[in-house]
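In: Sequence first, predicted model second:
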Amino acid sequence: MSVPTAKPLSQPEVIHIDLGERSYDILIGPEVAFNASGYVAAPKSTTAVVVTNTTVAPLYLDRLLKTLSMRHKTVHHVVLPDGEAYKTWDSLNQIFTALLEKACDRKTVLYALGGGVVGDMTGFAAACYMRGVPFVQVPTTLLSQVDSSVGGKTAINHPAGKNMIGAFYQPEVVLCDTDVLRTLPERELSAGLAEVIKYGPIADMAFLEWVEQNMAGLRSMDQARLVHAIRRSCEIKADVVSKDEREGGLRAILNFGHTFGHAIEAGMGYGNWLHGEAVGCGMVMGALLSHKLGLVDMAFVERLKAVVKAAGLPVVAPVIDERQNVERYLALMQNDKKSEAGQIKFVVVDGQGSAFVKSAPGTMVREVIDESCSGG
Ligand code: NAD
Ligand code: GLY
């Protein structure tokens, strides 16, 4: 195996995300969430509020509160219900209510302790509360460490579409603690691997090969392999985001598999298919569309399907409507944020480590949905 380890595991890897005055660091390694030195980039305000959920709180809240008490005089916390189905206005309002009840001022720092759901909602709350307060990401799932905590996309869902209400708002620092992944259920680890796999076909085929070769080690949570996978994923994301923070163009490539994936998530009911599961299957559909557009051969589609499957993820798309399945997919995909003037756009790949956004003939998209739902 080849696991590049430039530093001993006790020292965190640091990735810088270059966004001018909104620049920040991502720290990766064991115990970084509970080491006070990781928090020096967070403003040293009097008050802090940790936002977490009912699953993560019993595992890590006390330790984080203790760590933060070295930096802030008062540390409050808000515990939200767990799940994608709670990524809503109601949950967001619970955060605002707590902030107002505790008389939190505009210097208050918010800490997101949890996966992508908690991170996206806390970031959005930070963007809105008193027109913006600082926040720190303490991502506790693989998916949030390699993707959602980095880059400043914050949002809640709307019944008509995923992540439709939100803001671009960057954190002060991101602390990716690889130790906390030990309590992550296997299904959630697999979901995170979908986003890790994604970085290969869109930006670095050598990384895809590394992921293929190291999948067993990643699934057994080998720390060195996890640190490498998180570091390379964050490097690629940091590079893309620093070139196109607000998704004027290039950043859309990070959405490979997401147009189909978001339709699966919404169509199945939020929370039934995990985001990463939908993205994994969506990438296989995206690869098939790339093939139909003449960009990759069928061997590439099979290769991607094999690595997604090896990660423990589904590769056959679900039927989301017994009578009008394709129509339902198309209707949900119309709501994708990449759509322009009603035309659905897809991220497609060239098999050489590059991706771009393209529309596709309706008949082709219908074929992809039909074939993917029947496992063809
Ligand atoms: P999640 O936040 O729902 O977390 C998954 C599950 O794991 C939850 O039940 C959670 O409570 C639990 N959990 C979290 N940490 C744990 C730990 N250490 N041990 C045990 N259990 C733990 O899901 P996710 O996969 O982290 O994130 C998915 C969300 O992220 C989606 O809402 C998606 O839209 C969003 N997302 C956002 C971006 C972005 O750029 N902002 C990118 C990708 C995904
Ligand atoms: N996860 C896609 C993005 O951050 O742009």
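Out: Yes, it's here. Ligands and ions are numbered 1, 2, ... in the order given.
In: Ser359 reaches Ala341, doesn't it?
Out: No - using CB atoms under 8 Å, Ser359 is not in contact with Ala341; the gap is 10.3 Å. The C-beta positions use only the backbone N, C-alpha and C, and glycine is treated the same way.
In: more crowded one of those two?
Out: Each of Ser359 and Ala341 has its neighbours counted (other CB atoms under 10 Å); Ser359 has more, 14 against 4.
In: what's near enough to touch the more buried one?
Out: Contact analysis of Ser359 by CB atoms under 8 Å, 6 or more residues apart in numbering lists 343-346.
In: Now, of the residues you listed, which are buried?
Out: Using 16 or more other CB atoms under 10 Å as the burial test, these include 344-346 as buried.
In: Ala299: which of those is nearest?
Out: Distances from Ala299 to the buried ones among the contacts of Ser359, taken as CB to CB, are shortest for Phe346 (20.5 Å).
In: hey, what's that closest one bridged with?
Out: Phe346 has these beta-bridge partners by DSSP bridges: Lys358.
In: tell me the contacts of it?
Out: Here Phe346 is in contact with 259-260, 286, 289, 338, 357-360, 365 (CB under 8 Å, 6+ apart).
In: if we can go back for a sec, which one among the buried ones among the contacts of Ser359 gets closest to Val75?
Out: For the buried ones among the contacts of Ser359, the nearest to Val75 is Lys345 (43.4 Å; CB to CB).
In: now the helices: where do they sit in the stretch 201-350 of the chain?
Out: 205-213, 215-219, 223-243, 258-268, 275-292, 298-310, 325-334 (DSSP state H, counting those that start in this stretch).
In: In the helix or strand of the chain with the lowest mean pLDDT, which residues are buried?
Out: In the chain, no helix or strand scores lower on mean pLDDT, DSSP states H and E than strand 161-168, which sits at a mean of 91. Judged by neighbour count (16+ other CB under 10 Å), strand 161-168 contains these buried residues: 161-163, 166, 168.
In: which element follows it toward the C-terminus?
Out: Reading on from strand 161-168 to the C-terminus, the next helix or strand found by DSSP states H and E is strand 173-177.
In: Residue numbers of the stretch 251-376 of the chain in contact with ligand 1?
Out: 275-276 (CB under 6 Å from any ligand atom).
In: so Pro134 makes contact with Lys44?
Out: No - judged on CB under 8 Å, Pro134 makes no contact with Lys44 at a distance of 10.7 Å.
In: Those two: which has the busier surroundings?
Out: Set Pro134 next to Lys44 and count neighbours by other CB under 10 Å: Pro134 wins out with 21 against 12.
In: Please determine whether stretch 129-146 lies in contact with ligand 2.
Out: No - counting by CB under 6 Å from any ligand atom, ligand 2 is not contacted by stretch 129-146; separation bottoms out at 9.7 Å.
In: gap between that stretch and the chain center?
Out: 11 Å (CA atoms, centre = their mean, to the nearest Å).
In: Sort out which residues of it are buried, please.
Out: 129, 133-146.
In: so which two of these are the farthest from each other?
Out: Among these, Tyr129 and Leu142 lie farthest apart (CB to CB), at 28.4 Å.
In: what about Ser242, neighbour count?
Out: Neighbours of Ser242 under the rule other CB under 10 Å: 16.
In: Pull the contacting residues for it.
Out: So Ser242 contacts 17-19 (CB under 8 Å, 6+ apart).
In: hmm, back to that, most tightly packed of the helices of the stretch 201-350 of the chain?
Out: helix 275-292 (a mean of 27; mean count of other CB atoms under 10 Å).
In: That one close to ligand 2?
Out: No - Helix 275-292 stays clear of ligand 2 (CB under 6 Å from any ligand atom), getting no nearer than 9.0 Å.
In: Use 349 as the first number for this chain going forward.
Out: Sure, I'll start numbering at 349, so the last one becomes helix 623-640.
In: Just the CA atoms of that helix, as PDB, please.
Out: Taking C-alpha atoms only, helix 623-640 is exported to PDB below (Å, rounded to 0.1, in the frame of the first residue of the first chain):
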ATOM      1  CA  HIS A 623     -27.000  11.900   1.000                       C
ATOM      2  CA  GLY A 624     -23.800  10.000   0.300                       C
ATOM      3  CA  GLU A 625     -25.700   6.900  -0.900                       C
ATOM      4  CA  ALA A 626     -27.700   9.100  -3.300                       C
ATOM      5  CA  VAL A 627     -24.500  10.800  -4.500                       C
ATOM      6  CA  GLY A 628     -22.700   7.400  -5.000                       C
ATOM      7  CA  CYS A 629     -25.600   6.100  -7.100                       C
ATOM      8  CA  GLY A 630     -25.900   9.500  -8.800                       C
ATOM      9  CA  MET A 631     -22.200   9.300  -9.900                       C
ATOM     10  CA  VAL A 632     -22.800   6.000 -11.600                       C
ATOM     11  CA  MET A 633     -25.700   7.600 -13.400                       C
ATOM     12  CA  GLY A 634     -23.500  10.600 -14.200                       C
ATOM     13  CA  ALA A 635     -20.900   8.300 -15.600                       C
ATOM     14  CA  LEU A 636     -23.500   6.500 -17.800                       C
ATOM     15  CA  LEU A 637     -24.700   9.900 -19.100                       C
ATOM     16  CA  SER A 638     -21.100  10.800 -19.800                       C
ATOM     17  CA  HIS A 639     -20.800   7.600 -21.800                       C
ATOM     18  CA  LYS A 640     -23.900   8.300 -23.800                       C
END
